[in-house]
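Enquirer: Could you look at this predicted model? Sequence included:
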Amino acid sequence: MLHQTSGVVLRTIKYGDTSVIVSIYTEKFGIQSYLVNGVRTDKRSGNKANLYQPATLLDLIVYHHPYKNLQRIKEARVLHLYQNVQSSMVRNAIAIYMVELISKTISEPECNPELFDFFLQSFIYVDGSPEKNLADFPIQFTIDHAGHLGFAIQAPEYNDKDCVFDLQNGQFIPLNQLRHTHFAEQELAQGLIDFLLQDASLKLNHFKRQHLLTLLIQYLQLHIPHMRELKSPEVLHAIMA
């Protein structure tokens, strides 16, 4: 049966001499794999292959069979034409990090239009916002993504300087209440509190951004057993140093 849906390309691998298998997070069906034939045959079809680059936002007409692992695409066109993501190293590094985070944290083909809209608006924001406004965006995206997945981090009602961050429960608690080893110590916990409370005086340097993002990735890995190591943060940190 044919369906119209939007999607964001997560991964493309070559298949045979002329085809590709594309992983796409779709609005209607969640994460899906599609076999696309004949997109690597000549220069003219090269334009079609470009549609399936990671982070591309697509408007799709697809064949969907709920019991098949590999679906088909009837039509595909660009949903949002990037103006800056491909030409800006900073924006491109952020977009690739977002793609990898989505790929590593979501494995089930579940429909979640709200989550898809969050992804869509996030990629469009990265494309259109001034680079100076994007330095902290990977941290914010990761926090918001965790919330959408059901692992929201609860900000304290007030800025308690003596809290640690409990990674198991996503809460800030006094050190003497901690009953396990999964926690961030006070200095790093305080940086996260300041970020969550949008402290106007907060000035994150490269070192603090790197440690906060690493902490948030560890938090997700603790709650998502199938989540593997991410490669993109290393590149992201190097470009945004």
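Expert: Yes, it's here. Numbering: from 1, shown residues only.
Enquirer: Could you find the closest non-adjacent residue to residue 122?
Expert: Nearest residue to residue 122 in three dimensions, chain neighbours excluded: residue 141, at 5.7 Å (Cβ to Cβ, 6 or more residues apart in numbering). The way it works is simple: take the backbone N, C-alpha and C, and place the C-beta from them, glycine included.
Enquirer: what helix or strand does the residue most central in space within the chain sit in?
Expert: The residue lying closest to the centre of the chain (Cα atoms, centre = their mean) is residue 98, at 3.0 Å. Assigned by DSSP states H and E, residue 98 falls within helix 89-105.
Enquirer: Surely the residue nearest to residue 122 is in contact with residue 99?
Expert: No. Contact criterion Cβ atoms under 8 Å: residue 141 and residue 99 do not qualify, at 11.2 Å.
Enquirer: For residue 189, give me its contacts.
Expert: The contact partners of residue 189, taken as Cβ atoms under 8 Å, 6 or more residues apart in numbering, are 163-165, 172, 183.
Enquirer: so how many other residues sit close to the closest residue to residue 3 other than its chain neighbours?
Expert: Spatial nearest neighbour of residue 3, chain neighbours left out: residue 64 (5.2 Å); criterion: Cβ to Cβ, 6+ apart. Look at residue 64: counted by other Cβ atoms under 10 Å, it has 17 neighbours.
Enquirer: and if you look at residue 62?
Expert: Counted with other Cβ under 10 Å, residue 62 comes out at 22.
Enquirer: Checking it next. Helix, strand or coil?
Expert: The three-state assignment at residue 62 reads strand, by DSSP: H, G, I helix; E, B strand; the rest coil.
Enquirer: Lowest mean pLDDT among the helices and strands of this structure, which one is it?
Expert: Every helix and strand of the chain was ranked by mean pLDDT, DSSP states H and E. The lowest is helix 43-50, at a mean of 64.
Enquirer: where exactly do the strands run in this protein?
Expert: 2-15, 19-26, 30-36, 57-63, 71-80, 163-166, 171-174, 183-184 (DSSP state E).
Enquirer: mind giving me a markdown table with those strands and columns for mean pLDDT and distance to residue 210?
Expert: Converted to a markdown table, the strands of the chain look like this (pLDDT from 0 to 100; distance: least, Cβ to Cβ, whole Å):
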| stretch | mean pLDDT | distance to residue 210 |
| --- | --- | --- |
| strand 2-15 | 96 | 24 |
| strand 19-26 | 96 | 26 |
| strand 30-36 | 96 | 28 |
| strand 57-63 | 97 | 28 |
| strand 71-80 | 96 | 29 |
| strand 163-166 | 89 | 16 |
| strand 171-174 | 88 | 21 |
| strand 183-184 | 88 | 14 |
